[in-house]
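**Q** How does the following fold in three dimensions:
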Amino acid sequence: MSAPLTGRVAIVTGAARGLGKAIARALADDGAAVAVADIDAPAAEATAEELRLKGAQAVAYEHDVRSERSSQELAGTVLSDLGRVDVLVNNAGVGPNPAPFQNLTELEWDRVMDINAKGVFLTTKAVAPTMIAQRSGRIIHISSVVAKRASPNILPYAASKWAVVGMTQTMARELAQFDVTVNAVCPGVIRTELHEGVVSRMSAMTGKDQDDVWQTFYDRIALGRLQEPEDIAAMVTFLASDKGRNITGSAFNVNGGMEFN
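**A** Residues are numbered from 1 along each chain as shown. Predicted coordinates for the structure are as follows:
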C-alpha cells in the first residue's frame, strides 16, 4: 500500500530547522515531495539533502515570507519544478521579545506581524491560484496556544497568532467552493530554538532563573510535559491527507491540555 501522500507536493515555510523541519520530514515520510522553503537558503538546502538521503523528493527554496515578490516566485518555481502544489504549511514565524505593551516599539510590532501574519497572507495568496485551478488543496497554518488564551507581555505575538486563526476561517469560507481546505494547528510549548529564545528573554525581563520560567509553562500543561515537534507534525500530516478532507476552518490544539477551547 502506498504512503498516504504519495504523488502530492507540499510547501513548508520556515522548514530549515525546528518545527518546520519536523513537519517537512513527516510529510516526506508520508510520501510527499517537499519544497523546503526558508529565508536561510544554506540551512534549507541542508534539510532538503537530509530528506533526499532518506529517499524523499525534496527541493530547497530561499523564501522571505515578508515579500510578495518572494512569495510569487516561490509559488511559480515550485509549480514549474514539481508540477503541482497540493499542500501549503505556513510555519515560518518568530517569537516575541517579551515586554509590557506600553513599552513596545513600532519596530517590534512590525517585526512580529510582518512574519507571523503578513507572511501567512502573502504566501497563501501566491499559492492559492494553483490550488483553485486544480480544484484541490490543503492549507495548514501554524498558529499558537496564545490564539486561544492570551498571555501578558507578548502582545504582538498574540495578535499575530489570533490573526492567523481569523485568516484560517476567512480563507476556508472563500476556498471551500474549490475543494481547498484551510485549517490551523495551535501548538503549546515546544523545546525548539524559538521557545528557548523566548524563555531566555522572559528570564531577563522578570529576573527569574530560566528553569523557573520553564516550570511556569509546565505548571500550565495538564499532561505535565512539553510537546515535541513530531506531535504537531502528526496533526499536520493528518490534515494534509484524505482523512482530513471534510475538515476546514478549524484551529486544533496540540498543547498537552494547556488550553481546552
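**Q** Pull the contacting residues for residue 219.
**A** Contacts for residue 219 (Cβ atoms under 8 Å, 6 or more residues apart in numbering) come out as none. For every residue, glycine as well, the C-beta is placed using N, CA and C.
**Q** start at 12 instead
**A** In the new count, where the first residue is 12, that last one comes out as residue 230.
**Q** Remind me what the lengthiest helix in the chain packs against, helices and strands.
**A** Looking across the chain with DSSP state H, the single longest helix is helix 166-186. Applying 3 or more Cβ pairs under 8 Å, 6 or more residues apart in numbering; DSSP states H and E, we find helix 166-186 packed against helix 117-124, helix 130-145, strand 148-153, strand 191-198.
**Q** Which residues outside that helix are in contact with it?
**A** Helix 166-186 has contacts (Cβ under 8 Å, 6+ apart) with 101, 104, 106-107, 112, 115, 119-120, 122-124, 126-128, 131-132, 135, 139, 142-143, 148, 150, 152-155, 157-158, 161-162, 192-195, 197, 259-262.
**Q** Quick one: buried ones out of the residues you listed?
**A** By neighbour count, with 16 or more other Cβ atoms under 10 Å, the contacts of helix 166-186 hold 101, 104, 106-107, 115, 119, 122-124, 126-128, 131-132, 135, 139, 142-143, 148, 150, 152-155, 157-158, 192-195, 197, 259-262 as buried.
**Q** If you compare the directions of the worst-scoring helix or strand of the chain on mean pLDDT and strand 191-198, what angle comes out?
**A** Ranked by mean pLDDT, DSSP states H and E, the weakest helix or strand in the chain is helix 204-217, scoring a mean of 79. Helix 204-217 runs at 50 degrees relative to strand 191-198, counting by axes from the mean of the first three to the mean of the last three Cα atoms, to 10 degrees.
**Q** Give me the buried positions along the next helix-or-strand element following helix 204-217.
**A** Next in sequence after helix 204-217, counting helices and strands by DSSP states H and E, comes helix 221-230. Neighbour-count burial for helix 221-230, counted by 16+ other Cβ under 10 Å, picks out 224, 225, 228.
**Q** Past helix 221-230, which element shows up next along the chain?
**A** Where DSSP H and E defines the elements, the next helix or strand beyond helix 221-230 is helix 240-251.
**Q** if we look at that following helix, which residues are touching it?
**A** With Cβ under 8 Å, 6+ apart as the test, helix 240-251 has contacts from 15-16, 19, 21, 29-30, 32-34, 36-38, 41, 43, 97-98, 100, 149, 151, 153, 192, 194, 196, 198, 201, 203, 255, 258, 263, 265.
**Q** Can you name the residues that contact the residue lying closest to residue 256 once chain neighbours are set aside?
**A** The shortest distance from residue 256 to any non-neighbouring residue, by Cβ to Cβ, 6 or more residues apart in numbering, is to residue 192 (7.0 Å). By Cβ under 8 Å, 6+ apart, residue 192 lies in contact with 148, 149, 150, 183, 186, 250, 255, 256, 258, 259.
**Q** Show me what the least confident helix or strand of the chain is packed up against.
**A** helix 29-40, helix 221-230.
**Q** Check which residues of that helix are buried.
**A** So, applying 16+ other Cβ under 10 Å, buried residues of helix 204-217: 205, 206, 209, 210, 212, 213, 214.
**Q** could those go into a markdown table alongside distance to residue 56?
**A** Below are those laid out as a markdown table (distance: Cβ to Cβ, whole Å):
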| residue | distance to residue 56 |
| --- | --- |
| 205 | 21 |
| 206 | 25 |
| 209 | 27 |
| 210 | 29 |
| 212 | 30 |
| 213 | 33 |
| 214 | 34 |
